[in-house]
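Undergrad: Kindly generate the corresponding structure for this input.
(one chain, ligands or ions: 1)
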Amino acid sequence: MAERARRSVGATVAAARSALRHGIGANLAGGTHHAYADKGGGFCVFNDVAVAARVLQAQHQRDGRALQVAVIDLDVHQGNGTARIFQDDASVFTLSLHGEKNFPFRKEAGDLDVGLPDGTGDADYLAALDAALMQLDGHCKPQLVFFLAGADPHEGDRLGRLKLSFQGMQSRDQRVLDWCLSRRIPLVLLMAGGYGVQIEATVQVQLGTYRLAYAHWQRWQSSKQAA
Ligand SMILES: [Zn+2]
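TA: So this is what the prediction gives:
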């Protein structure tokens with residue numbers, strides 16, 4: 001188990017390096033956001049985003065200061081470990097949009113937390129996401145974004161307690177991808193959680209995310225050539 005967790009962290013570091021080179025990098029695992037610096041929690045052993053952010057910051061500087069990082073955590077569960085680890089760190093901004101009544105029942109204060117009621121559907125979710133992304137603009141100018149694209153806000157999820165349709169999930173992903181592309185911010189895509197009553201529904205959501213990510217990479221390439 002530890003070895004699997006170590007490799008997953010390594011894959012997120014590799015995806016982050018790839019994102020800096022190619023505009024986007026993805027790990028078909030990762031997003032283990034309940035892990036703290038000194039303990040695991042909620043299916044998470046090590047906090048891959050924290051390790052990758054620190055590795056990249058140690059290796060890359062921008063204008064003589066640490067790489068500015070934002071974590072956009074749209075898994076349905078709050079990224080409590082990530083929020084705690086970066087609580088006093090101005091170089092990493094943590095945004096979490098999650099079910100207010102869902103696990104973890106004791107939330108940590110991140111830089112921007114949006115707690116949603118049980119049963120939230122597409123329209124309310126996407127409006128909350130738009131508002132959060134607008135707030136993010138006002139708070140920081142990240143040079144690297146980690147996107148936790150959990151499939152668990154989907155209506156077919158056993159643990160999610162929200163009601164996003166497949167189309168709503170696609171719109172969620174597209175908003176984050178567009179936000180990064182329009183600002184030319186490299187993006188690291190991570191899977192995070194997904195617990196469908198029908199596993200096929202979770203896989204469909206995840207596949208949808210990766211299809212959009214592929215299109216995003218193509219747009220990144222073509223906009224680079226045009227520039
Ligand atoms: Zn989750």
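
Undergrad: residues in contact with stretch 110-130?
TA: 74, 78-79, 82-83, 86-87, 93-102, 107, 131-132, 135-136, 139, 153, 161-165, 167-168, 171-172, 175-176 (Cβ atoms under 8 Å, 6 or more residues apart in numbering). From N, CA and C alone the C-beta is placed, and that goes for glycine too.

Undergrad: how about 6 Å then?
TA: By Cβ atoms under 6 Å, 6 or more residues apart in numbering, the surrounding residues in contact with stretch 110-130 are 83, 93-97, 99-101, 132, 135, 161-165, 168, 171, 175.

Undergrad: and if you look at stretch 9-27?
TA: Residues outside stretch 9-27 that contact it (Cβ under 6 Å, 6+ apart): 30, 46, 48, 51-52, 55-56, 186-190, 213, 216-217, 220.

Undergrad: Among those, which pair sits farthest apart?
TA: 46 and 220 (28.9 Å; Cβ to Cβ).

Undergrad: Isn't residue 186 up against residue 144?
TA: Yes: using Cβ atoms under 6 Å, residue 186 is in contact with residue 144, at 5.4 Å.

Undergrad: thinking again about what came up before, so which of the contacts of stretch 9-27 is the closest to the ion?
TA: Nearest to the ion among these: residue 190, at 11.5 Å, using Cβ to the ion.

Undergrad: Find the residue closest to residue 86 in space, skipping its chain neighbours.
TA: In space, and not counting its chain neighbours, residue 86 is closest to residue 92: 4.2 Å by Cβ to Cβ, 6 or more residues apart in numbering.

Undergrad: Actually, residue 122.
TA: That would be residue 168: by Cβ to Cβ, 6+ apart, it lies 3.4 Å from residue 122.

Undergrad: helices or strands up against whichever strand or helix holds the one you found?
TA: Using DSSP states H and E, residue 168 maps to helix 166-183. In this structure, helix 166-183 makes packing contacts with helix 122-139, helix 199-226, judged by 3 or more Cβ pairs under 6 Å, 6 or more residues apart in numbering; DSSP states H and E.

Undergrad: which one of the ones you listed lies closest to the ion?
TA: Taking Cβ to the ion, helix 199-226 is the member of the helices and strands packed on helix 166-183 nearest to the ion, at 11.2 Å.

Undergrad: buried residues in the closest one?
TA: Neighbour-count burial for helix 199-226, counted by 16 or more other Cβ atoms under 10 Å, picks out 201-202, 204-206, 208-209, 212-213, 216-217, 220.
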